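**Student:** Here is my input; please provide its structure:
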Amino acid sequence: MDDAVLTGYDVIGDVHGHVQPLQVLLSSMGYMQHDGVWGHPNRQAVFVGDLVDRGAHQVEVVRLVRAMVMAGTAQIVMGNHEYNAVAWATRDPEVPGGHLRSHSLRHRTQHQAFLDQVGESSPLHDEFVEWFRTIPLWLELELGGNCLRVVHACWHPASMDVLRFLTNDDRTLTTDGWSATSRRGSAEYDALEVVLKGPEVRLPDGLAYYDKDGHSRTKARVRWWDPTADTLRRGTLIPPGSRDADGNPFPPLPDVGYRHEVACPDDVPVIVGHYWEQVPGHLWSPKVACVDYSVAKSGPLVAYRWSGETELDVDRYVYARGSSAEDTPGEGFGDDIE
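**Tutor:** Residues are numbered from 1 along each chain as shown. Here you go, the predicted structure:
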């Protein structure tokens, strides 16, 4: 890549430990292995984070992606699962014997597949966690005078302004940044939640849905990219398969007036992961695309091939699937930071 003319970036969705579809996807886009490292003669891969948890080949995925990043054939942004992995393994300076992410039963269940595969507290575990610390929170990429923004869940300038004081020049969190963003209720915690999980809105009084893990949720994700979403029903996302307290499909939210803050207010394209899209082949808007299509739930692994266009093009999506055996997820599907 050092002497090649860069012609584009291939933004790859949440991998979650599924190495075979990742290899198929890279190969289908013209990437090849040289000395054991995947690369392309004139393009660079960009991963949206969430390499770990769920799948059966998390060690292989981290090794593959880390080798690409170290060789300069790929870049990566932080996912909430990498953040959780670091916080789980990091002692809390304010809580004797505690960690930045509590070792509750729920958190351990969410993270157990990774811990089992890497060996909790092993040298390999420590090695991976130290590399996760070096991952930036977001990227701004340039090509031919045009810009592309990549972040795990939401490009939100106000939240990023809060986090800038806690990051290094390369947008990696400082030591103080890791601690500050783990304090529930703080402005720093809230800002990181928006960037790595997306903004949420509290449901009307008395409403709650149960997610795929049976956890009760009283907040819904916001369609932050859609300025036309002017009702609660149109402006929020309830995950497919959600249930009410009686186990019935969760009904549509009230079609009452609602207005949310629109993030990424300017004219620069943004690509995100995180959202567990179900139906491939559509853009959120001409400026916003999601590349997470639920590979850990038997969906495809997806990439968007950006070549400098100022408006995104649905025909630039690429899809790959792995074997049915690898499509079987492990335990721990919660995606919250706390």
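**Student:** what domains does the record give for the protein?
**Tutor:** The chain breaks down by automatic domain parsing into domains covering 8-199+264-320, 200-262.
**Student:** Pick the most buried one from those.
**Tutor:** Ranked by mean neighbour count under mean count of other CB atoms under 10 Å, those are led by domain 8-199+264-320, which reaches a mean of 19. C-beta here means a position set from N, CA and C on the backbone, and glycine is covered the same way.
**Student:** For the domains of the chain, which has the smallest mean pLDDT value?
**Tutor:** Of all those, mean pLDDT reaches its minimum on domain 200-262 (a mean of 85).
**Student:** Tell me how far that one lies from the chain's centre.
**Tutor:** Distance, stretch centre to chain centre, for domain 200-262: 20 Å (CA atoms, centre = their mean, to the nearest Å).
**Student:** Kindly report the same for stretch 50-63.
**Tutor:** Distance of stretch 50-63 from the chain centroid (CA atoms, centre = their mean) equals 13 Å.
**Student:** likewise stretch 39-46?
**Tutor:** Here stretch 39-46 is found 20 Å from its chain centre; the criterion is CA atoms, centre = their mean.
**Student:** gap between the two ends of it?
**Tutor:** Stretch 39-46 has an end-to-end distance of 12 Å (CA to CA, to the nearest Å).
**Student:** Name the surrounding residues that touch that stretch.
**Tutor:** With CB atoms under 8 Å, 6 or more residues apart in numbering as the test, stretch 39-46 has contacts from 1, 4-12, 26, 29-33, 38, 68, 71-77, 139, 141, 150, 303, 305.
**Student:** mind listing the helices for the stretch 101-250 of the chain?
**Tutor:** Using DSSP state H, counting those that start in this stretch, the helices of the stretch 101-250 of the chain run over 105-118, 123-132, 157-164, 175-181, 187-197, 232-235.
**Student:** closest one to residue 213 among these?
**Tutor:** helix 105-118 (8.4 Å; CB to CB).
**Student:** name the helices or strands packed onto the closest one?
**Tutor:** Contacts defined by 3 or more CB pairs under 8 Å, 6 or more residues apart in numbering; DSSP states H and E place helix 105-118 against helix 58-71, helix 80-89, helix 123-132.
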